[in-house]
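> please find the sequence and the predicted model below.
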Amino acid sequence: MKFMTMGKKFAPKIFKNVYAQSKMNTVTRETGTSLDGGEAVKLDHHVRAVYSKEIEFQAQPIMRWAQFARVKTELGVQPGLTINMMTYNNLAKGGPLTEGVRMQTTTLSSTMKSITVGERGNAVSVSELALKSSFTDIMADAAVLLGRDMALVLDLELRDTFFSGITNTVFGRLNSEAEKIKSRSAITNKNPMSVATIKDAVEILATANCPKFQGNYYICLVHPHQSRMLRDDPAWIEASKYGSPENLFTGEIGRIDDTRFIETTLMPNGACAPTDNAYDADLAPGAVGAPADTPVYQAAIFGEDCYGYAVALPVELRDNGVTDFGREHGLAWYAIWGCGILNEDRGVIIETC
């Protein structure tokens, strides 16, 4: 009993001394020496970096243009051929009839809109070693990146189709300015996107009897720089204040009267870096026909069936099988499609500072 009592009495002191000695022999990472001045071995190989399995992808605008395209799918069409989209012309106007006189018939007439289709795709490759040693599922990440790439490629092609096929153009002006400018070179920092500019474009569409989406709205795709001033106008209605905010288009930010606005950084302009997908050298300051010191931004406003997207082979995710004796794995997206203008008079290009 006496030994047990002494053990209990001196145990705290013994543990305290052991802890102190252990602390004195602790290895420092920076110097590789112990705190008591003695030599020690660095344990670099025992220190591991910890990686999260959560993956983040760089932000990019996706599928702003595609949601408004007229889509026609004709499976089996080979690359280089065309898909035709037929448009009926209006009938000759009818009117009063005379008793005893036979009704005269009119012929149906139509026009064909041809869209040339071609192959589209992109691919990545990953080594077997990378697959085995990676802390995350590389192929799953690659599939996500390929899907995002496909969306970007399609949106850019639809955007370029619109701006290369539409001729109607209006230029920005302040609401207080009654006079309109008539050329890109006359744009200054006093020609922003405004309600008056939108109404100028809507006037052209309405005059052409351009049908509206859902029978109620025109669509306007704008750059964030252009929408900034619109947001301060009393006529602006935020998308969150709609009666049915759950029925928004992708990227929708608000509306003015009968025009709904979609915001995207893919709109052509001369202010961004030349490596940016939105950069257009013709809109940069000093370009031929452009202002000397003001970069130009373009917006697009249009009604229903302005441009189309013809699909001969829907997008597929494909692998290239076993290559290099199984040491390399490839993954790609592949499709056959084409884009084209269906009704040129149903779109207007807006150019602002």
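Structure's in. What do you need? None of the values given here were measured: they were computed from a predicted structure. Numbering: from 1, shown residues only.
> what about residue 349, distance to residue 199?
16 Å (CB to CB, to the nearest Å). Backbone N, C-alpha and C define where each C-beta goes, glycine included.
> and if you look at residue 277?
Counting by CB to CB, the gap from residue 277 to residue 199 is 30 Å.
> again, but for residue 299
Distance from residue 299 to residue 199, by CB to CB: 14 Å.
> these two - which one has more neighbours?
The residue with more neighbours, out of residue 299 and residue 199, is residue 299; 26 against 16, by other CB atoms under 10 Å.
> quick one: contacts for that one?
Neighbouring residues of residue 299 by CB atoms under 8 Å, 6 or more residues apart in numbering: 193, 220-223, 226, 267, 349-352.
> how about residue 183?
171, 289.
> pLDDT at it, what is it?
Looking at residue 183, its pLDDT stands at 92.
> how much space between it and residue 283?
Taken as CB to CB, the span from residue 183 to residue 283 is 13 Å.
> how about residue 219?
From residue 219 over to residue 283 (counting by CB to CB), the distance is 22 Å.
> now the host helix or strand of residue 115: buried residues?
Using DSSP states H and E, the element containing residue 115 is strand 110-116. Residues 113, 115 are the ones in strand 110-116 that count as buried (16 or more other CB atoms under 10 Å).
> in its sheet, what does that strand sit against?
strand 82-88 (antiparallel) (DSSP bridges).
> restrict the partner strand to CA atoms and write it as PDB.
C-alpha atoms of strand 82-88 as PDB (Å, rounded to 0.1, in the frame of the first residue of the first chain):
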ATOM      1  CA  THR A  82     -27.500  20.800 -96.200                       C
ATOM      2  CA  ILE A  83     -30.600  20.700 -94.100                       C
ATOM      3  CA  ASN A  84     -33.500  22.600 -95.500                       C
ATOM      4  CA  MET A  85     -36.000  24.500 -93.400                       C
ATOM      5  CA  MET A  86     -39.100  25.600 -95.200                       C
ATOM      6  CA  THR A  87     -40.900  28.900 -94.600                       C
ATOM      7  CA  TYR A  88     -44.400  29.500 -96.000                       C
END
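> which residues are contacting it?
By CB under 8 Å, 6+ apart, the list of residues contacting strand 82-88 reads 70, 72, 74, 77, 108-117, 308, 310, 312, 338, 342-343.
> in contact with the residue lying closest to residue 341 once chain neighbours are set aside, which residues?
Once flanking residues are discounted, residue 341 sits nearest to residue 165: 3.5 Å by CB to CB, 6 or more residues apart in numbering. Neighbour list for residue 165: 307, 340-341, 344, 347 [criterion: CB under 8 Å, 6+ apart].
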